[in-house]
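sequence plus predicted model, see below.
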Amino acid sequence: MGHKIDPRGLRIGINRTWNSRWYNKKNYKKLLQQDVMIGEYIRKRFKHASVSNVETERSVAKIRIVIHTNSPGMLIGRGGKGLEDLRKDIERKFLFNEKLRTQIDVNEVRTIEENAQLLADDAAMQLEKRISFRRVMKTMISKVMYNRNVLGVKIELSGRLGGAEMSRTEWLSQGSLPLHTLRASIDFAKAVAYTTYGTIGVKVWLNKKIEEDSGNNKQQN
């Protein structure tokens, strides 16, 4: 499988679903762009709140935004004031011409080691703090493989690593990572670290354990 293929897209309908769940044949392009802009705005606004994913559900008179984060308290705020301010800002910036009721839900991501996006963001943040890229990769590999629900992990860094004159790519992996097996639960994420030497790209692959198989096998037996 080529490096330019996103393993998440190949598994939609198998063990993954869409981030935007609605149907509108007439305004499909406009609404999809709107969902992307809302997700980027939330990630940028709560950059230090470890937002892993933003999902959108639409109906005739309602839009529901589900935010997956490792720090729900930073989004909710005291007495829910943070969510209320976020709802008003989203309606003012993106939904000002639409009469939709906006609902924002927050789901907590309890384990960072099982989420590729949080791992990629954490690695980028460490690189921006001038921590050695080899130390970042080795620390992440050891921390992730300690989790029993992860079967394999790979991290790849590209750019002027360590302030070198020429950019290069370094990667480190451990465990099994079957990208060709569509039944495998592969999580993938990208992030960018902005350093004094330029930008460094971060890619993370995770092979997570599928717990449903064991239950299905028991029922069949």
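The structure has been received and is ready for your questions. Numbering: from 1, shown residues only.

strands of this protein, start to end?
20-21, 51-58, 62-69, 101-108, 150-159, 168-175, 185-195, 198-208 (DSSP state E).

which stretch among those comes nearest G82?
For the strands of the chain, proximity to G82 was assessed by C-beta to C-beta; strand 101-108 is nearest, at 9.5 Å. Every residue, glycine included, has its C-beta placed from N, CA and C.

ok, now which ones touch A184?
With contact taken as C-beta atoms under 8 Å, 6 or more residues apart in numbering, A184 is in contact with P178, N207, I210.

repeat that for E165.
Counting by C-beta under 8 Å, 6+ apart, E165 has no contacts.

ramachandran angles for it?
Main-chain dihedrals, E165, degrees, to the nearest 10: phi -70, psi -40.

and if you look at F94?
Note on F94: its backbone torsions stand at phi -120, psi -30 [degrees, to the nearest 10].

pLDDT below threshold where in this protein?
Judged by pLDDT under 70, the chain has its weakly predicted residues at 1-4, 212-221.

on that earlier part again, include distance to R168 when you put the contacts of A184 into TSV, please.
What follows is the contacts of A184, written out as TSV (distance: C-beta to C-beta, whole Å):
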residue	distance to R168
P178	27
N207	26
I210	35
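
now render the strands of the chain as a markdown table, adding mean neighbour count and distance to E84.
Shown next, in a markdown table, are those (neighbours: other C-beta atoms under 10 Å; distance: least, C-beta to C-beta, whole Å):
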| stretch | mean neighbour count | distance to E84 |
| --- | --- | --- |
| strand 20-21 | 16 | 24 |
| strand 51-58 | 19 | 18 |
| strand 62-69 | 19 | 13 |
| strand 101-108 | 14 | 9 |
| strand 150-159 | 20 | 36 |
| strand 168-175 | 14 | 43 |
| strand 185-195 | 18 | 29 |
| strand 198-208 | 20 | 33 |
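
can you redo those strands as TSV with distance to I14?
What follows is these, written out as TSV (distance: least, C-beta to C-beta, whole Å):
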stretch	distance to I14
strand 20-21	16
strand 51-58	18
strand 62-69	20
strand 101-108	22
strand 150-159	17
strand 168-175	21
strand 185-195	9
strand 198-208	14
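
now do the same contact list for L95.
Q34, I63, T102 are the contacts of L95 under C-beta under 8 Å, 6+ apart.

the second one contacts I104, doesn't it?
No: under the criterion of C-beta atoms under 8 Å, I63 is not in contact with I104, lying 9.4 Å apart.

for the chain, which helix is longest?
Criterion DSSP state H: the longest helix present in the chain is helix 28-45.

what comes up buried for it?
By 16 or more other C-beta atoms under 10 Å, the buried positions in helix 28-45 come out as L31, Q34, D35, I38, G39, Y41, I42, R43.

of all the strands of the chain, which lies closest to K138?
For the strands of the chain, proximity to K138 was assessed by C-beta to C-beta; strand 168-175 is nearest, at 6.9 Å.

what's the angle between that closest one and strand 198-208?
20 degrees (axes from the mean of the first three to the mean of the last three C-alpha atoms, to 10 degrees).
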